[in-house]
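Q: kindly generate the corresponding structure for this input.
(one chain, ligands or ions: 1)
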Amino acid sequence: MLTLDHHPTGRHFLQIPGPSPVPDRILRAMSLPTIDHRGPEFGALGLQVIAGLQQIFKTRHPVAIYPASGTGAWEAALVNTLSPGDAVLMFETGHFATLWQKMALKLGLAPEFLSVPGTDAETGLPNGWRHGVRADLIEQRLRADAGHAIKAVCVVHNETSTGVTSDIAAVRRAIDAAGHPALLLVDTISGLASADYRHDDWGVDVTVSGSQKGLMLPPGISFNALSPRALEASKGATLPRSFWAWDEIVEMNKTGYWPYTPSTNLLYALHESLAMLQAEGLDQVFARHRRWAAGVRAAVRAWGLPIQCADPALHSPVLTGVITPPGVDADALRKLIHQRFDLSLGTGLGKVKGRMFRIGHLGDSNDLTLLATLAGCEMGLKLAGVPLQGSGVQAAMAHFADTPACG
Ligand SMILES: *Cc1c(COP(=O)(O)O)cnc(C)c1O
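A: Sure, this is the predicted structure:
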């Protein structure tokens, strides 16, 4: 365990689905001297990182960068587009969707939380926490809203608490098929720069993201990608906002500056991350994550444990949720693995607390760090007395050896 006076040898294995392991290149970029955020060089940096982010979000429209965690960018998306008491349609895909819904309530909105009812026969977990957004249910609900009381549909693209992705293009099609004017707000805090994402093509009005997941940065900055309709809606929206207000940010960003002090050193890091992603190519980046995810899933299947995502088409390329057998406390297992092997795994959140753990396969990882991660899991599972059908490490080795690396 890392304390101020005791450092274990070797690198800590930070295999949680964010913060992800930060490449040394990015850490070095961050160590450059902080410059004057109103000075002559700063504008060039600001313009470069915004242009780079537009490529990552696949948008031609403004992207606001906040010195805040992803939660701040969630709030920014809501307060810039909505007014007190507005009805918003949200979808329960897991813990992060639930937190966003709670935030909407606290802000004085009227969220309606659609969810897939019932529990899953195989695991006893809530059905909605093993599947993605059901666009058909959204369409049905919007068709019933003839008076257009619902002002926004809010969904999570990569539900980090479950390892399930959702089809955002299908949600846009559902809104259009219902002929409904609601805005589409999407959280891809953990999907961006690891999973395919297209702000403009998918007709998203506000995309929310953060630094510490696919972008491989430390925590601390977050984003709102905007659409012209979102900007238009912000003019009439009356929820109180000041720090989060897009108007001043978007205006000052035109010259690469911010209304307040931005996180200069995290912007250096972002600049480096964008250069790395551009050099590799986004399609390669996505293929790399899919390949890693398939290797990790091969391991979980070999152990004979259920993968939380029950829909093979929706497996997250970013993380895999592993359900522990009844009676095996997944948090006690995680603690054991951390103590013995200096490996951090993601905890079960909300309704699946203690029932599952999450393996992150994003950030500064490679085949061998993932194999070591799986070895830590496998040893921990054995030490905890969990009966395993076979060796997940062997299965993942076979997968990685037999599947050519991307690029
Ligand atoms: C990490 C995460 C958040 C929360 O972001 P913070 O940076 O912790 O505020 C929200 N939604 C999703 C899907 C996430 O993965």
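Q: and Ile359, what does it touch?
A: The contact partners of Ile359, taken as C-beta atoms under 8 Å, 6 or more residues apart in numbering, are Gln15, Val296, Leu319, Thr320, Val322, Leu345, Gly346, Thr373, Leu374, Cys377. Backbone N, C-alpha and C define where each C-beta goes, glycine included.
Q: what about it, which SS state?
A: strand (DSSP: H, G, I helix; E, B strand; the rest coil).
Q: does the closest residue to it other than its chain neighbours belong to a helix or a strand, and which?
A: Using C-beta to C-beta, 6 or more residues apart in numbering and skipping residues adjacent in sequence, the residue nearest Ile359 is Thr320, 5.0 Å away. Here Thr320 sits within strand 319-323, counting by DSSP states H and E.
Q: same question, Leu270
A: helix 264-280.
Q: just want the angle from the helix or strand that that helix is followed by to strand 319-323.
A: As assigned by DSSP H and E, the chain's next helix or strand after helix 264-280 is helix 282-303. Angle, helix 282-303 to strand 319-323, by axes from the mean of the first three to the mean of the last three C-alpha atoms, to 10 degrees: 10 degrees.
Q: in helix 282-303, what counts as buried?
A: If you call a residue buried by 16 or more other C-beta atoms under 10 Å, then helix 282-303 has these buried ones: 282, 285-300, 302-303.
Q: ok, Thr207 touching Tyr197?
A: Yes: the pair Thr207 / Tyr197 is scored as a contact, 7.5 Å apart, by C-beta atoms under 8 Å.
Q: between these two, what contacts are shared?
A: Phe57, Thr188.
Q: out of those two, which sits in the busier spot?
A: Thr207 (32 against 27; other C-beta atoms under 10 Å).
Q: quick one: the more buried one from the ligand, how far?
A: 12 Å (C-beta to the nearest ligand atom, to the nearest Å).
Q: pretty sure that residue is in a strand, no?
A: Yes: under three-state DSSP, Thr207 sits within a strand.
Q: surely Ser115 and His131 touch.
A: No: if you go by C-beta under 8 Å, Ser115 and His131 don't touch, sitting 10.0 Å apart.
Q: the more surrounded of the two?
A: Neighbour comparison, Ser115 and His131: the larger count goes to His131, with 20 against 17 (by other C-beta under 10 Å).
Q: ok, and the closest non-adjacent residue to whichever residue of the chain sits closest to the ligand?
A: Closest approach between the chain and the ligand, counting by C-beta to the nearest ligand atom: Gly70, at 2.7 Å. In space, and not counting its chain neighbours, Gly70 is closest to Gly210: 3.4 Å by C-beta to C-beta, 6+ apart.
Q: now for the one you found: which residues touch it?
A: Gly18, Ser69, Gly70, Ala73, Ile189, Ser190, Pro219, Ile221, Ser222, Phe223.
Q: now those residues in TSV, with pLDDT, neighbour count and distance to Ala384?
A: As requested, the contacts of Gly210 are exported to TSV (pLDDT from 0 to 100; neighbours: other C-beta atoms under 10 Å; distance: C-beta to C-beta, whole Å):
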residue	pLDDT	neighbour count	distance to Ala384
Gly18	95	24	25
Ser69	98	16	32
Gly70	98	26	32
Ala73	98	26	37
Ile189	98	28	31
Ser190	98	31	27
Pro219	98	15	30
Ile221	98	26	38
Ser222	98	24	36
Phe223	98	29	39
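Q: using a markdown table, please lay out the residues you listed together with secondary structure.
A: Output for the contacts of Gly210, formatted as a markdown table (three-state DSSP):
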| residue | secondary structure |
| --- | --- |
| Gly18 | coil |
| Ser69 | coil |
| Gly70 | helix |
| Ala73 | helix |
| Ile189 | coil |
| Ser190 | coil |
| Pro219 | coil |
| Ile221 | coil |
| Ser222 | strand |
| Phe223 | strand |
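Q: of those residues, closest to Phe42?
A: Within the contacts of Gly210, the smallest distance to Phe42 is 15.2 Å, found for Ile221 (C-beta to C-beta).
Q: quick check, the closest one in contact with Ile65.
A: Yes: under the contact definition of C-beta under 8 Å, Ile221 touches Ile65, with a separation of 5.8 Å.
Q: please enumerate the shared neighbours of those two.
A: Taking C-beta under 8 Å, 6+ apart as the criterion, Ile221 and Ile65 both touch Leu267, Leu270.
Q: what's next to the longest strand along the chain, contact-wise?
A: For the chain, the strand with the greatest residue count under DSSP state E is strand 150-156. The contact list for strand 150-156, computed with C-beta under 8 Å, 6+ apart, reads 78, 81-83, 86-91, 93-94, 96-97, 100-101, 104, 111-112, 133, 138, 141-142, 166, 168, 171, 175, 180, 182-188, 205.
Q: state the next helix or strand along the chain beyond it.
A: strand 158-159.
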